[in-house]
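Just need the structure, nothing else, for what follows:
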Amino acid sequence: MSEPLENLAVIATPGNAKKMTATWTRGTGSMLRSFVLTLDFPYNVNIARATEPKPSDPTYTLTCTYATAQPVLDLFTFTLGTTTSDSTGLVQLAPPDAPPSPGLMNRFKVAKNGVSVDLSFREGLPLLQGSPPMIFKTYLLDEWTAPGAASGGKLPSFATDSYFSRTLLPGHHNFVHSILLEPAVDPALAEATRDALAAVNIRYLYLFHDSDIGTSPDDIRYLGFDNTLHGP
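Numbers count the residues shown, from 1 in each chain. Purely as a prediction, here's the structure:
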C-alpha cells in the first residue's frame, strides 16, 4: 500500500528551507502516538532545480512520542527501562541484484534450550542521492524472504510473515544479528496462539545470532506482557 505523504500527514518547512516535516497521530488517550518524519535536504526545497529531486536525496528521521511510557531493552546491560519516544532512520534501498548476491542472503536458525526460530532475509545497500555510498560497512534489511517460524519449550509453535512483527538490528559489518519478534501484532496469527503466548507471558522474543565466525552462542530471551525478562 502506498499513497502521497500529504494524504497521511501535515507537511511543513518549519523555518528551514532545507528541512521538511510531516506530522500525524494515531490512537487516543493513553494509546496516543505522535509521529514526526523529518526530511533534511542538501539543498533549498523552495528553489526550483534543474534536476528532479530523488527519494534518496534527504536524510529521513522518524520519531514517535508515546502518551504512555513504553518498555525499552538495553542490549549492552540486558536490563529493561522505559521510554516516551523512539527514533529511527529511513532509507531508500538499492534494487537487489539479479540473481541476488549470495553474500546478502541470510538463512539461519537461532536455537537455545530446545527452542528454535528459523529466519530468512536479504540485506541491501541504502542509496545516497540516487547511488550507493562509496564506502559502506553494514548492510541493512532489504526484505524478509520467508516467514519466521518458532517452536519448542513452553513457546507455542507459530509462523509469522508480517513485517510489523519482525525487527532486525544488524551488528557492525553484519558480524552479528539481533532480532525482535512480536508475534501478536501479526493480524494473521491464530487467536489460539495469541492466547497461548499470553498464558506463558511472552510478548516479545529477543534473538541473537553470530553470523560471522560463530564463536558467540545463540541467545533467546522472552519479554513478558508485564515487562519482565525470562528465558527458555
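
what residues are up against the residue most central in space within the chain?
Closest residue to the average C-alpha location of the chain: T167 at 3.7 Å, with C-alpha atoms, centre = their mean. If a contact means C-beta atoms under 8 Å, 6 or more residues apart in numbering, then T167 has 179-182 as its contacts. Glycine gets a C-beta too; all of them are placed from N, C-alpha and C.

Distance-wise, check it relative to P14.
With the distance defined as C-beta to C-beta, to the nearest Å, T167 ends up 30 Å from P14.

Then T63?
14 Å.

again, but for Y60
Noted for Y60: a distance of 16 Å to P14, by C-beta to C-beta.

higher neighbour count, these two?
Per other C-beta atoms under 10 Å, whichever of Y60 and P14 has more neighbours is Y60, with 16 against 9.

Who does the more buried one form a beta bridge with?
Beta-bridge pairing for Y60 (DSSP bridges): L39, L90.

Low-confidence regions, the protein specifically.
Counting by pLDDT under 70, the low-confidence segments of the chain come to 1-2, 96-103.

Outline the domain layout of it.
Taking automatic domain parsing as the criterion, the chain consists of the domains 5-90, 102-230.

winner for burial among those domains?
For the domains of the chain, average neighbour numbers computed from mean count of other C-beta atoms under 10 Å are highest in domain 102-230, which has a mean of 16.

picking up where we left off before, list the ones among the contacts of T167 that fall in helices.
Within the contacts of T167, membership in helices is found for no residue, as judged by DSSP state H.

distance from the centroid: which residue in the chain tops it?
No residue in the chain sits farther from the centre than A50, which is 35.4 Å out by C-alpha atoms, centre = their mean.

That one: which element?
Using DSSP states H and E, A50 maps to neither a helix nor a strand.

now it: how far from F41?
According to C-beta to C-beta, A50 stands 15 Å off from F41.

Please apply the same query to T167.
Spatial separation of T167 from F41 under the definition C-beta to C-beta is 28 Å.

the helices in the chain, which residues?
According to DSSP H, the chain carries its helices in the segments 191-199.

contacting residues for M31?
M31 sits next to 67-68 when contact means C-beta under 8 Å, 6+ apart.

right, I mislabeled it, should have said L207
Contacts for L207 (C-beta under 8 Å, 6+ apart) come out as 110, 117, 119, 178-181, 218-220.

what pairs with it across the strands?
Bridge pairing for L207 - DSSP bridges - gives I179, I220.

how much space between it and D74?
With distances taken as C-beta to C-beta, L207 is found 16 Å from D74.
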